[in-house]
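J.: Dropping a prediction and its sequence here:
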Protein chains: 2
Amino acid sequence: MVTMRDVAKRVGVSVATVSRVLNDSGYVKEDTRKTVLAAIEEMNFKPNSVARSLFKKQSKTIGLIVPDINNPFFPQLARAVEDVTSEADFTVFLCNSDGKIEKEIRYFDRLQQKYVDGVLVVSNTLKPEHLSQYHFPIIALDRPLDSSLPYVTCNNYEGAQKATRHLLECGCGKIAHISGPENIANARDRLQGYKDVVSEVGLYDENLIIPAEYQIESAKRAAFKLLTNYPDIDGIFAGNDVMAIGVIKAAELLGYKVPEQLKVVGFDGIEFGDIITPELTTVSQPVYQMGSTAAAMLLDLIEGKPIHQKEITFQVELLVKRSTQT
Amino acid sequence: MVTMRDVAKRVGVSVATVSRVLNDSGYVKEDTRKTVLAAIEEMNFKPNSVARSLFKKQSKTIGLIVPDINNPFFPQLARAVEDVTSEADFTVFLCNSDGKIEKEIRYFDRLQQKYVDGVLVVSNTLKPEHLSQYHFPIIALDRPLDSSLPYVTCNNYEGAQKATRHLLECGCGKIAHISGPENIANARDRLQGYKDVVSEVGLYDENLIIPAEYQIESAKRAAFKLLTNYPDIDGIFAGNDVMAIGVIKAAELLGYKVPEQLKVVGFDGIEFGDIITPELTTVSQPVYQMGSTAAAMLLDLIEGKPIHQKEITFQVELLVKRSTQT
DNA sequence: TCTATTAATGTAACCGGTTACACACAGTAT
DNA sequence: ATACTGTGTGTAACCGGTTACATTAATAGA
């Protein structure tokens, strides 16, 4: 590997001069600059970022911690984050925590040891006391961690209301909800949005709410149970799209016609909602935008820029498709 | 940040001794070891991996370059890679190249500057002459790059044959193929597998082959064209699952009943093949296993272990579902 | 003419682990 | 008593950029 000293020796200047050329700092005579640049080119010298990191205590690197990149929501997010940070010459460490706090902490430690400049994290479990020891900016994504930490999320409560109202408007009289895991904030918000709307019109019934795991199979089982116990259910709001797909699968198996006999709404707006038959009505989050906004915010924090807004909540949009057509 | 010197000072030993304790190297008296360990614990000292990297010229870090993490094939791969390497205390840089060679090279340069210990890359464009300047192990994933480079892939040719033969066995007499981009090796292999089988039984017709982009919309258009020009097509083998979904969507719009009038087979075995109606018959690749194998191989290369096999080809499996039911 | 000031460059310490080498001392073989 | 081996520890150079500080020359201002 060619080092700065090699370049300096070749040109006959000191390493300081080469460094100055490289960083456009201090005074360098135009002639010298050109010679140095030529030598750098010729010798194919690439500065060693590890050495630089060591001295500067920053690495042009960020960490992205998600529960599982396999969950269709996260690749979009990861892509957005990578696009924005890569543009600013940063590189992204990808970490899968499975939502387990030990893994999250292990990753945080590792990332700190590698001098990451900041971390974006999707977590339900981390508390301020875990995070206080890390001296780099942290932004929570999708799920707020703590009021002291900046976060980017979407309006889950309102989205759930929109979904539930839409089912009412479609003429549904018995609307069930398959909710996400209770320890996930957005699942609680969505549940609350549903509850408030059905209560408003006097349709609240706690037996029509079943929690599941944000996964197809688990939602399928939940839907089975619901539809078996209450065959007259005519609308189901699922806590996310993946679960809504499970609902449609279950309904199909039980001989329900969607949307004629049963209408289904999901949440997230993942791409695959469109491939199921019938296409899925859903509350769509601007996932890419959420990721890119969070990433841009993190870069600002890293550069020490003031943050205009510590908490950003994106609005969601109801996309009406076949699964709720009247 | 607590440094080794802080710990050394506190205990009253030299940094060398602390380092020996940390690395279990050289001689350290049992008493000393305990005192040092206690101080490390108490002071919450975490060794700085950047400093270590600088000296050791390796970073416990690898790069993973994929075209686009949004493509449903890659999250699984990424997850496998991260699982295996994380276990060995490595961290993964995620890079999205969009299949563009400039981006790929930019990432390679960046990764080299960060002293990555190795790279896993999915690419169609990189040539040995681009790669020769990088002095860390590289493994090609999914698509072989060059005979000199180790790679992990699956038997695309045979898989395509299986798919096509299956359509024949289902009684199809006019079988079309929507192929992937010509510059992608696996697309060429799949095309060839198809061609060879239809030729064998005298059904080859070049008009029944249309190239598309490994994407839903593009495949939808291709299927439209095929079915419009040749309404008696009764079987379509799509180059991947995403395209197969496009085919089913197109068939639906044109009023074809799948599988009664038209049978469809995909390739890849992505999870979402099961959510479409009818569920998709596909040639399934062991994606997770491919990723974990490649990662394990890379770790071996990094540790200087001999590689038993430079080229690993996984067998694929035909999963028969509703979309080809007779 | 003498002192500031700016331009241009070099020297060396620094970031924080790692390790070659030196040294000291114990125990053992000769 | 001498030489040798094994144990335990410290000193300082090293990895490769960065930058505070020093130095020198040249130009400007008094």
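T.: Now that the structure is in, tell me what you want to look at. Numbers count the residues shown, from 1 in each chain, chains lettered A, B, ... in the order given.
J.: Can you verify residue A:92 is assigned to a strand?
T.: Yes. Per DSSP: H, G, I helix; E, B strand; the rest coil, residue A:92 lies within a strand segment.
J.: Show me where chain A has its helices.
T.: A:4-11, A:15-23, A:30-43, A:49-56, A:73-87, A:101-113, A:128-131, A:156-169, A:185-200, A:216-229, A:241-253, A:287-302 (DSSP state H).
J.: among those helices, which is the most enclosed?
T.: helix A:241-253 (a mean of 25; mean count of other CB atoms under 10 Å in any protein chain shown). Yep, even glycine has a C-beta here, placed from its N, CA and C like the rest.
J.: Which residue is the nearest non-sequential neighbour of residue A:292?
T.: Sequence neighbours aside, residue A:80 is the residue nearest to residue A:292 in space, at 4.3 Å (criterion: CB to CB, 6 or more residues apart in numbering or on different chains).
J.: Make sure the one you found is actually in contact with residue A:286.
T.: No. The pair residue A:80 / residue A:286 is not scored as a contact, 9.8 Å apart, by CB atoms under 8 Å.
J.: residues touching the residue nearest to residue A:292, list them.
T.: A:287-292, A:295 (CB atoms under 8 Å, 6 or more residues apart in numbering or on different chains).
J.: Looking at those residues, which one is closest to chain B?
T.: Looking at those and their distance to chain B, the nearest is residue A:288, at 9.4 Å (CB to the nearest CB).
J.: what's the pLDDT at the residue nearest to that closest one when sequence neighbours are not counted?
T.: Spatial nearest neighbour of residue A:288, chain neighbours left out: residue A:80 (4.5 Å); criterion: CB to CB, 6+ apart. Looking at residue A:80, its pLDDT reads 98.
J.: re the thing from before, okay, the helices of chain A in JSON lines with distance to residue B:29 next?
T.: Formatted as JSON lines, the helices of chain A follow (distance: least, CB to CB, whole Å):
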{"stretch": "helix A:4-11", "distance to residue B:29": "40"}
{"stretch": "helix A:15-23", "distance to residue B:29": "41"}
{"stretch": "helix A:30-43", "distance to residue B:29": "48"}
{"stretch": "helix A:49-56", "distance to residue B:29": "31"}
{"stretch": "helix A:73-87", "distance to residue B:29": "47"}
{"stretch": "helix A:101-113", "distance to residue B:29": "28"}
{"stretch": "helix A:128-131", "distance to residue B:29": "36"}
{"stretch": "helix A:156-169", "distance to residue B:29": "59"}
{"stretch": "helix A:185-200", "distance to residue B:29": "52"}
{"stretch": "helix A:216-229", "distance to residue B:29": "56"}
{"stretch": "helix A:241-253", "distance to residue B:29": "58"}
{"stretch": "helix A:287-302", "distance to residue B:29": "44"}
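J.: I'd like to know how far the closest residue to DNA strand D within the stretch 51-200 of chain A sits from residue A:142.
T.: Distances between the stretch 51-200 of chain A and DNA strand D by CB to the nearest atom of the strand are smallest at residue A:51, namely 3.3 Å. From residue A:51 across to residue A:142, the span is 36 Å (CB to CB, to the nearest Å).
J.: wait, does the helix or strand of chain A with the lowest mean pLDDT contact chain B?
T.: Ranked by mean pLDDT, DSSP states H and E, the weakest helix or strand in chain A is helix A:128-131, scoring a mean of 88. No. Shown here: helix A:128-131 not in contact with chain B (CB under 8 Å from any CB of the partner chain), separated by at least 13.2 Å.
J.: Which of the helices of chain A has the lowest mean pLDDT?
T.: Among the helices of chain A, helix A:128-131 carries the lowest mean pLDDT, a mean of 88.
J.: Which residues are in contact with residue A:111?
T.: Counting by CB under 8 Å, 6+ apart, residue A:111 makes contact with A:63, A:93, A:95, A:119, B:91.
J.: 6 Å instead?
T.: Contacts for residue A:111 (CB atoms under 6 Å, 6 or more residues apart in numbering or on different chains) come out as A:63, A:119.
J.: before we move on, what about residue A:18?
T.: Contact partners of residue A:18, counting by CB under 6 Å, 6+ apart, are A:4, A:7-8, A:36.
J.: Cross-check the contact I'm expecting between residue A:174 and residue A:233.
T.: Yes. Using CB atoms under 6 Å, residue A:174 makes contact with residue A:233 at a distance of 4.9 Å.
J.: between these two, who's got more neighbours?
T.: residue A:233 (21 against 16; other CB atoms under 10 Å in any protein chain shown).
J.: Return the residues in contact with that one.
T.: When contacts are counted by CB under 6 Å, 6+ apart, residue A:233 touches A:174, A:176.
J.: Phi, psi for it please.
T.: phi -60, psi 130 (degrees, to the nearest 10).
J.: what about the residue of the stretch 51-200 of chain A found nearest DNA strand C, distance to chain B?
T.: Closest residue of the stretch 51-200 of chain A to DNA strand C, CB to the nearest atom of the strand: residue A:55 (3.5 Å). Relative to chain B, residue A:55 is positioned 10 Å away (criterion: CB to the nearest CB, to the nearest Å).
J.: Kindly report the same for residue A:301.
T.: 19 Å.
J.: is it true that that residue touches residue A:137?
T.: Yes. Using CB under 6 Å, residue A:301 is in contact with residue A:137, at 3.7 Å.
J.: Identify the residues contacting the residue of the stretch 151-300 of chain A found nearest chain B.
T.: Closest residue of the stretch 151-300 of chain A to chain B, CB to the nearest CB: residue A:277 (4.3 Å). Neighbouring residues of residue A:277 by CB under 6 Å, 6+ apart: residue B:277.
J.: and chain A, which of its residues are near DNA strand D?
T.: A:1-5, A:15-16, A:19-20, A:22-23, A:25, A:45, A:47-48, A:51-52, A:54-56 (CB under 7 Å from any atom of the strand).
J.: go again using 6 Å as the cut-off
T.: A:1, A:3-4, A:15-16, A:19-20, A:22-23, A:25, A:47-48, A:51-52, A:54-56 (CB under 6 Å from any atom of the strand).
J.: picking up where we left off before, and the gap between the residue of the stretch 51-200 of chain A closest to DNA strand D and residue A:228?
T.: 65 Å.
J.: now do residue A:127
T.: Counting by CB to CB - residue A:127 and residue A:228 are separated by 40 Å.
J.: cool, and residue A:242?
T.: Look at residue A:242 and residue A:228: by CB to CB, they are 22 Å apart.
J.: Please apply the same query to residue A:28.
T.: Residue A:28 is 79 Å from residue A:228, by CB to CB.
J.: Ok, residue A:171 next?
T.: Residue A:171 sits 23 Å away from residue A:228 when distances are taken as CB to CB.
J.: repeat for residue A:271
T.: Taking CB to CB, one finds residue A:271 at 31 Å from residue A:228.
J.: Name the nearest residue to residue A:280, ignoring sequence neighbours.
T.: In space, residue A:280 is closest to residue A:273, 3.7 Å off (CB to CB, 6+ apart).
J.: Compute the distance between the one you found and DNA strand D, please.
T.: For residue A:273, the distance to DNA strand D equals 47 Å [CB to the nearest atom of the strand, to the nearest Å].
J.: how close does the residue nearest to residue A:288 sit to residue B:260?
T.: 42 Å.
J.: Close to DNA strand C: what parts of the stretch 51-200 of chain A are there?
T.: A:54-55.
J.: who are the neighbours in contact with the residue in the stretch 201-326 of chain A positioned nearest to DNA strand C?
T.: Of all residues in the stretch 201-326 of chain A, residue A:302 sits closest to DNA strand C, at 18.3 Å by CB to the nearest atom of the strand. Residue A:302 sits next to A:117-118, A:137 when contact means CB under 6 Å, 6+ apart.
J.: Looking at the residues you listed, which is nearest residue A:309?
T.: Set against residue A:309, the nearest of the contacts of residue A:302 by CB to CB is residue A:137 (14.6 Å).
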